[in-house]
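S.K.: Structure, please.
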Amino acid sequence: MRYYGCKTKLLDYIEEVVTGLSLKKGSIFFDIFSGTTAVGKHFKKLGYTVYSNDFLEFAYSLAYTNIQTNSLPKFKKLSLSIDVIDYLNNLGGKIGFITKNYAPYRENKRQYLSIKNAMKVDAIREQIEIWKNKKAISETEYYYLLSSLINAISLTSNITGTYAAYLKTWDNRALKDLKLQQGEIFNNKMKNRAFRADANEIVNKYKVDILYLDPPYNSRQFASNYFLLELIAEGWFKKIPEIYGQAGMRPYEKQKSDYSISRKASDALLDLVMKAKAKYILLSYNDEGIISIPELKKILGTRGEVIEYTKEHKRYRAINQDGSKIITKEYLFLVKVKK
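M.R.: Below you'll find the model as predicted:
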């Protein structure tokens, strides 16, 4: 899944630091800014009990499926002659909210999705909602289907990586047919959990072994960068969202993160760190963040000695960046929390 800040390329690096702590099997790893759950899935497969949290609905959908769920849903209440994923893939397209607003349909100029794929999204998302309202699918089944749709949209969106803008010409990926895939569910036999909450409000509710922090680094708000996926996850069935601007963004004022606001980020992190109930705090950050590295160390140092690890990797290039900087220094800060 294309996602700014995803730690897929750094998983081995993070694992090396964590395994060096020699924690017992099943220790609780709390990924409190989970995003696409790349880190959480990795540590779930390593045998940790994983708690996953994000305040965005689409990220919670992914966490519910990838982290909390340990077995493929059976969909026993649905009387279908074929597999549920095949059933949804075979639905005829429908002209609905997504087609009218995010595909080049009639007067609309936005081209996040092809008309064919947008119509497919409208049909699939509406069917999932119908099944949910009729209680024909469980909560687990609902999020499994929703996360399958979110992943399929991500792979066929006409964007570079975020939804802040669509491409003016069609990317080859966006011209492929949208198709849901059977999700991979890994059973690590642990009681993993998914949450949808503000990190600063949930952090002191659970005692954990490792609190992993991967907060937003810069002023680009994830609620706006991924507004289309969030809109898909939330739905538009009870109330049609108000959208605005060239991108067709929906309001996201209530979902702004303090970690992406320079005057608030340090205070937010200090509050989080002071509330933490963890044996270890592990923080990911990089040299392009709005909190300076000395300030990060000062904040983390309030809870114990700070050990610093660094690694250089090729940076993500967004649509509004000139590519002049191609290497980013990624930091991992480890704190053994003083009692």
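
S.K.: Residue 197: how many residues sit nearby?
M.R.: 14 (other C-beta atoms under 10 Å). To be clear about C-beta, it is placed using only N, CA and C from the backbone, and glycine gets the same treatment.

S.K.: Going forward, count from 29.
M.R.: Sounds good: first residue 29 from here, last item residue 225.

S.K.: What pLDDT does the model give it?
M.R.: Looking at residue 225, its pLDDT is 97.

S.K.: With residue 129 instead?
M.R.: pLDDT for residue 129: 98.

S.K.: Phi and psi next, for the residue in the chain sticking out farthest from the centre.
M.R.: Centroid-distance maximum for the chain: residue 109 at 33.0 Å, with C-alpha atoms, centre = their mean. When quoted as degrees, to the nearest 10, the phi and psi of residue 109 stand at phi -80, psi -10.

S.K.: Roughly how far does it sit from residue 118?
M.R.: Distance, residue 109 to residue 118, using C-beta to C-beta, to the nearest Å: 11 Å.

S.K.: what ranges do the strands span in this structure?
M.R.: Using DSSP state E, the strands of the chain run over 56-59, 77-81, 221-223, 236-241, 306-314, 334-342, 355-364.

S.K.: Among the ones you listed, which comes closest to residue 189?
M.R.: For the strands of the chain, proximity to residue 189 was assessed by C-beta to C-beta; strand 334-342 is nearest, at 13.6 Å.

S.K.: who's in contact with residue 145?
M.R.: By C-beta atoms under 8 Å, 6 or more residues apart in numbering, residue 145 lies in contact with 131, 184, 202, 205-206.

S.K.: Hmm, I typed the wrong one, I wanted residue 138.
M.R.: Shown in contact with residue 138 (C-beta under 8 Å, 6+ apart): 129-132, 194, 274-276.

S.K.: Same question for residue 338.
M.R.: Residues in contact with residue 338, defined by C-beta under 8 Å, 6+ apart, are 357-360.

S.K.: Of the contacts of residue 138, grab the buried ones for PyMOL.
M.R.: The PyMOL command for the buried members of the contacts of residue 138 (criterion: 16 or more other C-beta atoms under 10 Å) is given here:
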select buried, resi 129+130+131+132+194+275+276
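
S.K.: can you redo the contacts of residue 138 as a markdown table with distance to residue 147?
M.R.: Below are the contacts of residue 138 laid out as a markdown table (distance: C-beta to C-beta, whole Å):
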| residue | distance to residue 147 |
| --- | --- |
| 129 | 12 |
| 130 | 11 |
| 131 | 8 |
| 132 | 12 |
| 194 | 17 |
| 274 | 22 |
| 275 | 20 |
| 276 | 17 |
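
S.K.: of all the contacts of residue 138, which comes closest to residue 167?
M.R.: residue 130 (27.1 Å).

S.K.: Could you measure from the closest one over to residue 251?
M.R.: 17 Å.

S.K.: Look at residue 61 and say how many residues are nearby.
M.R.: Counted by other C-beta under 10 Å, the residues lying close to residue 61 total 22.

S.K.: quick one: the helices in the stretch 229-367 of the chain?
M.R.: Here the stretch 229-367 of the chain has its helices, by DSSP state H, counting those that start in this stretch, at 250-253, 255-262, 290-303, 321-328.
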